[in-house]
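In: Let's see this in three dimensions:
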Amino acid sequence: MKSNKNVISDRVISKLNEYFGDDISRLDRVTEFQTTLEKRKDEIENRLDHANSAISHDLQDLLNSGDELDKKVTKLTQEFDDLLISSKDASEACREFGDDSKEILSDISCVRGVTQYTLWLRLIEQVNLDLSVSMETKDKTQIVIAYKKLVEVSSSLRGTKCKNLEHYVDSVIQHWYKLLSDNYITVLQTSLDQFGWPFVQSIDNKKSLNDLIKAGNDDVRNLQDSIEVLLRIQDDNAEEDENNSQLNLPLRIMMKPLRKRFKYHFLGTKSTNNPSKPEWFTTQLSTWAISHRQFLKEYVQPVYDRVGQPRLVVMDFAQGLVSLAVDKLCVDIPIVMEDDVRFAHTIDEIIGFCRDMSNTMQYSSSQPSVLEPLTTQGVFTRWLNMERKFAFEKVDNLFMEPGTSVWESEVCDSLTPRAAETFLALLLSVTERYKFLSLVHHRLQFLRLQLDLVEDFRVRLVQLVRTEKNSPLSSNLCPIINTLDHLILVLGNWAETPFFLQLQYQRSSEVEYSNQEDGDEQEASHVKESEMEKTVFDDSIEELKYLRENLVKEVVDSIFYSVTARSLKYRTETKWFNMSDIGKAVSPSVCEMLQSLAFGLDTARRRINPAAFQLIWRELAGRLHTFILEEIILQNKFCPEGGEQLQYDMSNGFFPIFGEFTPSPQAYFPDLQDVLKLLTSPPGPLILAYTGLKETCEEGCLNILADLGVHNLTAQRAIRVIQSRIDLDL
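Out: Numbering: from 1, shown residues only. Predicted coordinates for the structure are as follows:
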């Protein structure tokens, strides 16, 4: 490295060279350069003097401030020490006072505790008195208010050291709870007897309600008052009937006679206790639900509304009926589980009972399900395997039916085969059988069964199609396309329903949880997001669409090859270059092509539903578009009359056939439209365009073609078409 002295020397030499340059005659500027340097030197020295003066003043100010701060710190330290000494003295004085007055303070604390204890006792005695008076006057409002005060006192004493007082309050609450509940239960039972509860006979609801109205307003008031008091004072911690543990107290009282009757007939020694006849007890429970529904809505629901119960009374009553069915199933399922027929029959009846409770009593999926006995580990596996077995057997039977009736429609003017309707009915029945399950993983297992059924059905169609490809338009291939199209439509609609959207959310959450257990939370979040963008049937629908596209291609190929097989004369024997005049008729050699095309499309339209047929004719139009361009136009030479004849054949032959399916068939032959313009345009503009296309850039070519009304052809193809004109001197 260079020393500082050398660096400075280099910089001076560089500056001198820069100032004087290579011209020796400019050395007279030395005096001027010296004057400039001295002036700069004086300026720098003046700046340094001012800077040193300012720094000294600032430094002095800082030192003065530091001295003041030091004095303040010293003063504060002294004050802190004084306060610390004072606080120690005060603390010592307080301690000495506490030691000297220990007995007096203890007596004061004891007296205060006794006083507070006495106040609590007086409050309890006052509430007891209020309850006694309210009981005598039968003032239900004051009874509820006084009882709630006792409950509040008990809550206030929780966690205190007054255990005896707390125990005393609890015993008082239990006393009054028993007294009030016994009293109003008696009133409730008496009122129910006046109405003839329970309604165990199958009677007309309107007639029953009219009879009940005659019971009188006093009976209705007693019924509603007793239910209201019992609802407001019910003790969540009180001992409850284990079979009705989630029902409120009035409903438990109302369910007692029905429970007793149910046990007598279906859980005892009566002949009605027959595990092979589950329809007997489900029908009885459904009948009870219908018989009591109107009474509950008219007389009990208003009390629920006043009290603010979260559910409808019919839902609570249905829950009581469901608990009876659960008791019965817990006994019967172990007996019938090994017999497929009896087990399946029991499941059918229970699912029907679930549907009845949902339709007639608005029973919610958030309430205990009657299917709970079927979801224990061994039973649920048995149920799922049996459902799988029966479902796949039904699919087997569907494809083993003799003849072609399975591929025919059962409804007039419908192209949907019976196979599609039967299979969708099977999927729907599976949905109906598991939609009442309460646990997510049970529902997802049934969903996997449905997806397996769809995949199995698709594979069977693939196998069947292999034997139907020889004559697509006359075989069962067209009904199979209709089947696929109907399945795609219906599954897509199902996937958007709330039930299946919820299943998709639950399935994505399950996948996310599984990935989180593997330790990759970021991947889990990404997978959940991607899953939520899909529906439960998306993968199955994609597989079905792929198969439909292949079958549509088979139909298109069949029509296309039928048309092109009759195109030899039109392609090779028509003298497009030697036509003197055109008649107002299509070329005779194209008639066979048009006939084959019209017949094929008409057959496809009659045998294939509109949605799938749209795919067929559009794809066929694209194939013919390419064929006419590459095999007819680009392989021949044309005179202007030949171009006009070709245009007439297209406009009055091909386009009208596709015009049956769209108001603008020309839109599906865009390149052909441009080619016809080039074949029928006057020679002059074409020669100029040809020259320009060969010499101009891409953007210029587009402008030239646009001037001719050509918007879809590339420059290279336009040149080839122009070269096919024999009347042009190119």
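In: going forward, measure contacts and count neighbours with C-alpha atoms only.
Out: Fine.
In: So which helix or strand of this structure has the lowest pLDDT on average?
Out: Every helix and strand in the chain was compared by mean pLDDT, DSSP states H and E; the lowest is helix 205-213, with a mean of 50.
In: What residues of the helix or strand that that one is followed by count as buried?
Out: Counting by DSSP states H and E, the next helix or strand C-terminal to helix 205-213 is helix 217-233. Neighbour-count burial for helix 217-233 flags 219-220, 222-231, 233 (criterion: 16 or more other C-alpha atoms under 10 Å).
In: same question, stretch 146-158
Out: Within stretch 146-158, the residues scored as buried using 16+ other C-alpha under 10 Å are 146-148, 150-151, 153-154, 157.
In: Would you mind writing the CA trace of it as PDB?
Out: Provided in PDB are the C-alpha atoms of stretch 146-158 (Å, rounded to 0.1, in the frame of the first residue of the first chain):
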ATOM      1  CA  ALA A 146     -87.600 -15.900  46.700                       C
ATOM      2  CA  TYR A 147     -86.300 -19.200  45.600                       C
ATOM      3  CA  LYS A 148     -83.800 -17.600  43.200                       C
ATOM      4  CA  LYS A 149     -82.600 -15.400  46.200                       C
ATOM      5  CA  LEU A 150     -81.700 -18.500  48.100                       C
ATOM      6  CA  VAL A 151     -79.800 -19.800  45.100                       C
ATOM      7  CA  GLU A 152     -77.900 -16.500  44.900                       C
ATOM      8  CA  VAL A 153     -77.000 -16.700  48.600                       C
ATOM      9  CA  SER A 154     -75.700 -20.200  48.100                       C
ATOM     10  CA  SER A 155     -73.600 -19.000  45.100                       C
ATOM     11  CA  SER A 156     -72.200 -16.100  47.100                       C
ATOM     12  CA  LEU A 157     -71.000 -18.400  49.900                       C
ATOM     13  CA  ARG A 158     -69.200 -20.700  47.600                       C
END
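In: State the mean pLDDT of that stretch.
Out: Averaged over stretch 146-158, pLDDT sits at 82.
In: can you check stretch 267-286 too?
Out: Mean predicted confidence for stretch 267-286 is 92.
In: Equivalent analysis for stretch 534-548, please.
Out: Averaging pLDDT along stretch 534-548 gives 94.
In: How far off centre is that stretch?
Out: Relative to its chain's centre, stretch 534-548 lies at 17 Å (C-alpha atoms, centre = their mean, to the nearest Å).
In: What are the buried residues along that stretch?
Out: Quick answer for stretch 534-548 (16+ other C-alpha under 10 Å): 535-537, 540-541, 543-545, 547-548.
In: Then stretch 248-265?
Out: Residues of stretch 248-265 classed as buried: 248-255, 258-259, 262-263, 265 (neighbour count, 16+ other C-alpha under 10 Å).
In: Okay, now the unreliable bits of the stretch 101-250 of the chain?
Out: 101-114, 201-216, 235-245 (pLDDT under 70).
In: what are the ranges of the helices in it?
Out: In the stretch 101-250 of the chain, the helices defined using DSSP state H, counting those that start in this stretch lie at 102-137, 140-157, 163-195, 205-213, 217-233, 249-266.
In: Format the ones you listed as CSV; extra columns: distance to residue 508.
Out: As requested, the helices of the stretch 101-250 of the chain are exported to CSV (distance: least, C-alpha to C-alpha, whole Å):
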stretch, distance to residue 508
helix 102-137, 56
helix 140-157, 44
helix 163-195, 49
helix 205-213, 47
helix 217-233, 41
helix 249-266, 40
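In: and residue 660, which of those helices is closest to it?
Out: Residue 660 lies closest to helix 205-213 among the helices of the stretch 101-250 of the chain, at 59.5 Å (C-alpha to C-alpha).
In: Could you tell me how many residues sit around residue 721?
Out: 23 (other C-alpha atoms under 10 Å).
In: And it, how far from residue 715?
Out: Residue 721 sits 10 Å away from residue 715, going by C-alpha to C-alpha, to the nearest Å.
In: what's the answer for residue 433, then?
Out: Distance, residue 433 to residue 715, by C-alpha to C-alpha: 64 Å.
In: just residue 290 next, same as before
Out: Residue 290 sits 80 Å away from residue 715, taking C-alpha to C-alpha as the criterion.
In: what's the answer for residue 32, then?
Out: Taken as C-alpha to C-alpha, the span from residue 32 to residue 715 is 74 Å.
In: Compare neighbour counts for these two and give me the winner.
Out: A direct count of neighbours by other C-alpha under 10 Å for residue 32 and residue 715 places residue 715 higher, at 20 against 9.
In: need the contact list for the spatially most central residue of the chain.
Out: Nearest residue to the geometric centre of the chain (C-alpha atoms, centre = their mean): residue 501, 3.8 Å. Residue 501 is in contact with 495, 535-536, counting by C-alpha atoms under 8 Å, 6 or more residues apart in numbering.
In: ok, now residue 700?
Out: If you count contacts by C-alpha under 8 Å, 6+ apart, residue 700 has them with residue 693.
In: That one should be in a helix, yeah?
Out: Yes: applying DSSP: H, G, I helix; E, B strand; the rest coil, one finds residue 700 inside a helix.
In: How confident was the prediction at it?
Out: Per-residue pLDDT puts residue 700 at 80.
In: Okay, it and residue 693: tell me how far apart.
Out: 8 Å.
In: which intervals of the stretch 501-650 of the chain have sub-threshold pLDDT?
Out: Scanning the stretch 501-650 of the chain for pLDDT under 70 picks out the ranges 511-532, 582-583.
In: what's the closest non-adjacent residue to residue 200?
Out: Closest residue in space to residue 200, ignoring its immediate chain neighbours: residue 288 at 6.5 Å, by C-alpha to C-alpha, 6 or more residues apart in numbering.
In: what does stretch 398-414 rub up against?
Out: Stretch 398-414 is contacted by residues 415-419, 476, 479-480 when judged by C-alpha under 8 Å, 6+ apart.
In: ok, 7 Å please
Out: 415-419, 476, 479 (C-alpha atoms under 7 Å, 6 or more residues apart in numbering).
In: can you put those in CSV and add neighbour count and secondary structure?
Out: Converted to CSV, the contacts of stretch 398-414 look like this (neighbours: other C-alpha atoms under 10 Å; DSSP: H, G, I helix; E, B strand; the rest coil):
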residue, neighbour count, secondary structure
415, 21, coil
416, 26, coil
417, 21, coil
418, 19, helix
419, 21, helix
476, 21, coil
479, 25, helix
